[in-house]
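>>> Fold the stuff below for me.
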Amino acid sequence: DLKGLPLIHSYDSIQELNRSIEKHERRHDLVISSYALGEIPSLNDRITIVRQLWDLTKDVLVLLEPGTPQGSKIISQMRSYILWMEKRKCRKSEKSTGAAPSKMKSMVVQEDLLKDGAFVVAPCPHDGRCPLENSDKYCHFVQRLERTSSQRIYKRSKGVPLRGFEDEKFCYVALRRGKRPE
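Next up is the predicted model:
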């Protein structure tokens with residue numbers, strides 16, 4: 001009796017996602033990429049993947065990477081890229097629709113313009129440059145995770161039992177389509 005509830009899908013690759021989904025279903029309310037971008041060696045390939053993820057996003061895109069200087073750099077680059085790309089798209093739309101001949105057409109254009117753009121939902125409260133950029137610090141957070149008994153046994157070193165938890169460092173950005181609410 002779970003009719004009417006939203007479906008949650010998980011895909012192991014962009015290629016699988018593109019093969020598995022019909023054209024009309026390719027927009028999702030929430031798209032999450034977790035610990036994947038750091039596995040892609042080239043910046044151009046990363047940008048291509050993030051652009052594909054953004055195109056699949058109807059509302060919110062969340063990018064997560066390990067809480068390392070490299071992970072933070074990747075998140076910062078992808079954050080900047082999406083904001084730049086959407087700002088550029090908005091400028092192009094505004095230029096091309098500068099002279100709308102009818103009121104009806106201008107309402108449609110205004111509706112499309114509201115869908116354009118992107119803003120950062122978290123962790124930063126702004127869309128400007130990161131204040132940690134060009135410093136020796138990097139943006140990351142810590143979450144304490146409980147270790148299972150099998151993890152404690154497997155990770156045991158020199159016969160000494162491990163703590164029942166570990167602190168996982170991560171960095172992330174959540175971006176949303178549209179204009180930032182005022």
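>>> helices or strands up against the lengthiest helix in the chain?
Longest helix in the chain by number of residues (criterion: DSSP state H): helix 69-96. Taking 3 or more CB pairs under 8 Å, 6 or more residues apart in numbering; DSSP states H and E as contact, the helices and strands that helix 69-96 lies on are helix 43-56, strand 57-66, helix 103-115, strand 118-122, strand 165-177. (C-beta placed from N, C-alpha, C; glycine too.)
>>> Tabulate those (CSV), appending distance to residue 93, mean neighbour count and mean pLDDT.
Formatted as CSV, the helices and strands packed on helix 69-96 follow (distance: least, CB to CB, whole Å; neighbours: other CB atoms under 10 Å; pLDDT from 0 to 100):
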stretch, distance to residue 93, mean neighbour count, mean pLDDT
helix 43-56, 16, 16, 91
strand 57-66, 18, 19, 94
helix 103-115, 6, 11, 47
strand 118-122, 13, 17, 92
strand 165-177, 14, 17, 91
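>>> looking at these, which is closest to residue 150?
Comparison of the helices and strands packed on helix 69-96 against residue 150 by CB to CB identifies strand 165-177 as nearest, at 13.8 Å.
>>> How about residue 143: what's its closest non-neighbour residue?
Of all residues not flanking residue 143 in the chain, residue 168 sits nearest, at 5.2 Å (CB to CB, 6 or more residues apart in numbering).
>>> Wait, the one you found touches residue 147, no?
No: contact criterion CB atoms under 8 Å: residue 168 and residue 147 do not qualify, at 10.7 Å.
>>> Just the terminal-to-terminal distance for stretch 120-135.
Stretch 120-135 has an end-to-end distance of 21 Å (criterion: CA to CA, to the nearest Å).
>>> Next: stretch 121-134.
By CA to CA, the extent of stretch 121-134 from end to end equals 23 Å.
>>> Please point out which parts of it sit buried.
By 16 or more other CB atoms under 10 Å, the buried positions in stretch 121-134 come out as 121, 127, 130.
>>> Export the helices and strands packed on helix 69-96 to CSV and append columns for distance to residue 75.
As requested, the helices and strands packed on helix 69-96 are exported to CSV (distance: least, CB to CB, whole Å):
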stretch, distance to residue 75
helix 43-56, 10
strand 57-66, 5
helix 103-115, 24
strand 118-122, 11
strand 165-177, 5
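>>> Select, out of those, the one closest to residue 83.
Across the helices and strands packed on helix 69-96, closest to residue 83 is strand 118-122 (CB to CB), at 5.8 Å.
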